[in-house]
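*Asks:* I'd like to go over a predicted model; first the sequence, then the structure.
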Amino acid sequence: MPPRNAPRWFIPLLITATLTAGCEVTDPGDPGVTTAPTGKSTGSAAAQLNDLTVVAKTGTMSGYSREKFPHWKSTGKNCDVRDSVLERDGSKVKLSGCNVVAGSWKSLYDDKTLTSPTQVDIDHMVPLANAWRSGANKWTTDQREAFANDLDRPQLVAVSAGSNRSKGDQDPSTWKPPAKDEWCSYAEDWVTVKSYYKLTVTQKEKDALRDMLGTC
């Protein structure tokens, strides 16, 4: 498992090594954004945050459904993206084919150690409903599928089921991880995803993210 504070998305060699034996990884696609992701740091995250488009209020939920963000995408040989994240983020993971049947996971949001894959949720860092209200309602289904299955940005993370459900579709102005020592990483990841996909933020959301980056 990578060091605790290492960017989870910046581990292509680890993904390749772990998944080649059981799964064939395919690129989840590109939402039509041409700007390449860059390495994260407090400075770059702050700069990316300043460049985000601020809106007076979020968009509506009109027309939204999770089915408009197809997931989990196949990654070959009966594997899917959920399997891939469980294997990537876990320690001492055991597989049955592509299915993760054992291992342990450190939940980013609440620092809990999870000892069964049944205790783990794969969270979308920027929730699907939040993305919809922030601009994804104008995307194609293929673009939304790429977003919902993105293994290249820090958009997918294995966390405790309880913390994932507590978060729901809230942004950092109304929900922050209970583990305050993870606020820096959480804010960096949120900004990285919103910046790459050119999603909007509200002023309250931006202020909360700035405060969280201040803990780095």
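*Replies:* Nice, thanks for sending it over.
*Asks:* Tell me which residues are up against the biggest strand by length in the chain.
*Replies:* Secondary structure assigned by DSSP state E gives strand 99-106 as the longest strand of the chain. Residues from elsewhere that reach strand 99-106, judged by Cβ atoms under 8 Å, 6 or more residues apart in numbering: 1, 4, 83, 86-87, 89-95, 112-117, 119-120, 158. C-beta here means a position set from N, CA and C on the backbone, and glycine is covered the same way.
*Asks:* Next, the distance between the ends of stretch 59-66.
*Replies:* 16 Å (Cα to Cα, to the nearest Å).
*Asks:* and the residue nearest to residue 175 when sequence neighbours are not counted, what is it in contact with?
*Replies:* Closest residue to residue 175 in three dimensions, ignoring its sequence neighbours and counting by Cβ to Cβ, 6 or more residues apart in numbering: residue 167, at 5.1 Å. By Cβ under 8 Å, 6+ apart, the contact set of residue 167 is 109, 123, 127, 175.
*Asks:* quick one: strands adjacent to the next helix or strand after the longest strand of the chain?
*Replies:* As assigned by DSSP states H and E, the chain's next helix or strand after strand 99-106 is strand 113-114. Strands that pair with strand 113-114, judged by DSSP bridges, come out as strand 99-106 (antiparallel).
*Asks:* Now the strand it pairs with: average pLDDT?
*Replies:* Averaging the model's pLDDT scores along strand 99-106 yields 94.
*Asks:* now the helices for the chain?
*Replies:* 12-20, 42-51, 81-89, 128-133, 141-148, 161-167, 183-196, 203-213 (DSSP state H).
*Asks:* hmm, which of the contacts of strand 99-106 are the buried ones?
*Replies:* 1, 83, 86-87, 89-90, 93, 95, 112, 114, 117, 119-120, 158 (16 or more other Cβ atoms under 10 Å).
*Asks:* Among those, list the two that are farthest apart in space.
*Replies:* Greatest spatial distance among the buried ones among the contacts of strand 99-106 (Cβ to Cβ): 95 and 112, at 22.8 Å.
*Asks:* Where does the prediction get shaky in the chain?
*Replies:* Applying pLDDT under 70 to the chain flags the ranges 1-42, 76-78.
*Asks:* Need the residue closest to the centroid of this protein.
*Replies:* Geometric centre of the chain, nearest residue: residue 155, 1.9 Å, by Cα atoms, centre = their mean.
*Asks:* pretty sure that one is in contact with residue 124, am I right?
*Replies:* Yes. With contact defined as Cβ atoms under 8 Å, residue 155 counts as touching residue 124 (6.1 Å).
*Asks:* returning to what we had before: residue 70: which of the helices of the chain is closest?
*Replies:* Among these, helix 141-148 comes nearest to residue 70, with 4.5 Å by Cβ to Cβ.
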